[in-house]
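Visitor: Below are the sequence and a predicted model; questions follow.
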2 protein chains.
Amino acid sequence: MNGKFKTIAATALLASLSFGAYAQSAAERSIQYRQGVMRAQGWHLGNMAAQVKGDKPYNKDDFARSATFVSQLLQMPWDGYGPGTETGAPTKAKAEIWLDSAKFKADGEEASKAAVGLAQAAASGNMDQIKVAFGATAKACKTCHDNFRSK
Amino acid sequence: MNGKFKTIAATALLASLSFGAYAQSAAERSIQYRQGVMRAQGWHLGNMAAQVKGDKPYNKDDFARSATFVSQLLQMPWDGYGPGTETGAPTKAKAEIWLDSAKFKADGEEASKAAVGLAQAAASGNMDQIKVAFGATAKACKTCHDNFRSK
């Protein structure tokens, strides 16, 4: 296959994957993108919360895996808040995200930083450190949600 | 604050975050988790496809960022296919996922590997390499979807 054909073949393949996104507006796709990332974060945070609370036996590898994933995921949602994504699909994003984008960015960075700290604590396997780092992450998430997410 | 209080405070904070998941069954949360991860992957694959096709100007950093995110995301959905998550929310997951889990795992690993290759090609900034790696990733995604995802 020559280069041109390869490109066409690859993009045709991709279009055929039907991610459920190709009949949607760009804004709708961005909104559902960021919601998907947030949902994935929430799932892993829930997995860690269950272990911190003792509702589920603590497993170092499983916990560390969730913590690593959350630290990676917390780099991702911000791309989904581009201009023009204030509306276009059901969303709890407040207008303040676009009106005070410096504050939104700062809150997001605070949460990202806390999640990196949680991943480091999780790698240590020390539950005292983990509890502190988990609390800091939950608090950073809540601060950003309180400021920028409708109830 | 003592340790016990910190734990309670952190988990109360987390519960108050209302990820939209706390009134749901475990199966529903797992299904929506894996769908969220897939949606996030699809969004970044779409961003890359637009640049490979030339619908959007190629930007090395932006492309590499999406490729890195996809390589991270492709580690994540598998946790959401645990036992008992065959049903519980609308899902296109085929029963074959649980009936032939070895094949499902192999297809998933193939896609994960392809995405790591794409991230490496993206870091090089060489569009010829990128096209080959992107085609391989799209093909691996399609193979797994054809085998394990209803139309």
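Guide: Thanks, I have it. Residues are numbered from 1 along each chain as shown, chains lettered A, B, ... in the order given.
Visitor: low pLDDT regions in chain A?
Guide: Applying pLDDT under 70 to chain A flags residues A:1-22.
Visitor: Grab the longest helix from chain A for me.
Guide: Longest helix of chain A, by residue count under DSSP state H: helix A:26-53.
Visitor: Which other helices and strands does that helix contact?
Guide: On a contact count with 3 or more Cβ pairs under 8 Å, 6 or more residues apart in numbering or on different chains; DSSP states H and E, helix A:26-53 meets helix A:60-73, helix A:127-148, helix B:3-16, helix B:26-53. C-betas here are computed from N, CA, C, even on glycine.
Visitor: Save the ones you listed as CSV, and put in mean neighbour count and distance to A:Ala102 too.
Guide: Converted to CSV, the helices and strands packed on helix A:26-53 look like this (neighbours: other Cβ atoms under 10 Å in any protein chain shown; distance: least, Cβ to Cβ, whole Å):
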stretch, mean neighbour count, distance to A:Ala102
helix A:60-73, 22, 23
helix A:127-148, 20, 12
helix B:3-16, 16, 25
helix B:26-53, 22, 25
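Visitor: Including distance to B:Leu73, could these go into JSON lines?
Guide: Shown next, in JSON lines, are the helices and strands packed on helix A:26-53 (distance: least, Cβ to Cβ, whole Å):
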{"stretch": "helix A:60-73", "distance to B:Leu73": "8"}
{"stretch": "helix A:127-148", "distance to B:Leu73": "20"}
{"stretch": "helix B:3-16", "distance to B:Leu73": "23"}
{"stretch": "helix B:26-53", "distance to B:Leu73": "5"}
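Visitor: Indicate which one of those helices is closest to A:Arg39.
Guide: Closest to A:Arg39 of the helices and strands packed on helix A:26-53, according to Cβ to Cβ: helix B:26-53, at 3.7 Å.
Visitor: now the closest one and helix B:60-73, what's the angle there?
Guide: Put simply, helix B:26-53 runs at 150 degrees to helix B:60-73, going by axes from the mean of the first three to the mean of the last three Cα atoms, to 10 degrees.
Visitor: mind checking how far stretch A:78-88 is from the chain centre?
Guide: 15 Å (Cα atoms, centre = their mean, to the nearest Å).
Visitor: and it with chain B, contact?
Guide: Yes - contact of stretch A:78-88 with chain B (Cβ under 8 Å from any Cβ of the partner chain) involves A:79-80.
Visitor: which residues sit against that stretch?
Guide: A:25-28, A:30-31, A:33-34, A:37, A:93, A:95, A:97-98, A:104-105, A:108, B:43, B:65 (Cβ atoms under 8 Å, 6 or more residues apart in numbering or on different chains).
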